[in-house]
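**Student:** please find the sequence and the predicted model below.
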Amino acid sequence: MKTFTTAILLAGSLAAPLTGALPAAVMAAPLCDELGFAGLLAKCNRGETIALTLASGQALHDTGQVTLQSGAYYKLEITADGSAELGIEGADFFRAIWMNEIVINKIEVRPMAIDSLEFDKAGTAELSFIAIKPGSHVLRIAGSTGDSQRITFNIQ
């Protein structure tokens, strides 16, 4: 992995004199320099856990926005309080990330793709992923339109 990263940086630095300054996307790097054997899943490449709460009549997230770094590893904990059957959807967000696994009741699922999750009872689902595609991507409570019922992930 280190050789691959070095090759990309070297190629970018060789191209810089021909094209001017490097674009910001090329300069973005994982959260740590030495990824080691685990690669992008290395502990030093992990961002903070993002917590969402599914509850009838309550906001999904405190701020409504989260900024992620492309190439970094994150965990998303979605907790439903059981006050109503609620689902969360966001095909655009789920296609902008590489999903490592979803853990529900200590059962690990490694999906190819998902569009939504629905909670019929109280519980927690933990999604681990690597942010990939830069841009703004929305995750919302299914069927809702209110600003407090959605979260925007800004991947840089």
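**Tutor:** Here it is on my side, so go on.

**Student:** so for the helix or strand where S136 lies, what gets flagged as buried?
**Tutor:** Using DSSP states H and E, S136 sits within strand 135-141. Using 16 or more other C-beta atoms under 10 Å as the test for burial, strand 135-141 gives 137, 139-141. In this view, the C-beta of every residue, glycine as well, is placed from N, C-alpha and C.

**Student:** contacting residues for S136?
**Tutor:** Listed by C-beta atoms under 8 Å, 6 or more residues apart in numbering, the contact set of S136 reads 152-155.

**Student:** same thing but 10 Å
**Tutor:** Neighbour list for S136: 65, 92-93, 96, 152-155 [criterion: C-beta atoms under 10 Å, 6 or more residues apart in numbering].

**Student:** from these, list the buried ones, please.
**Tutor:** The buried subset of the contacts of S136 - by 16+ other C-beta under 10 Å - is 93, 96, 152-153, 155.

**Student:** farthest pair within those?
**Tutor:** A96 and T152 (11.7 Å; C-beta to C-beta).

**Student:** which neighbours do these two share?
**Tutor:** Joint contacts of A96 and T152 (C-beta under 10 Å, 6+ apart) are 90, 136-137.
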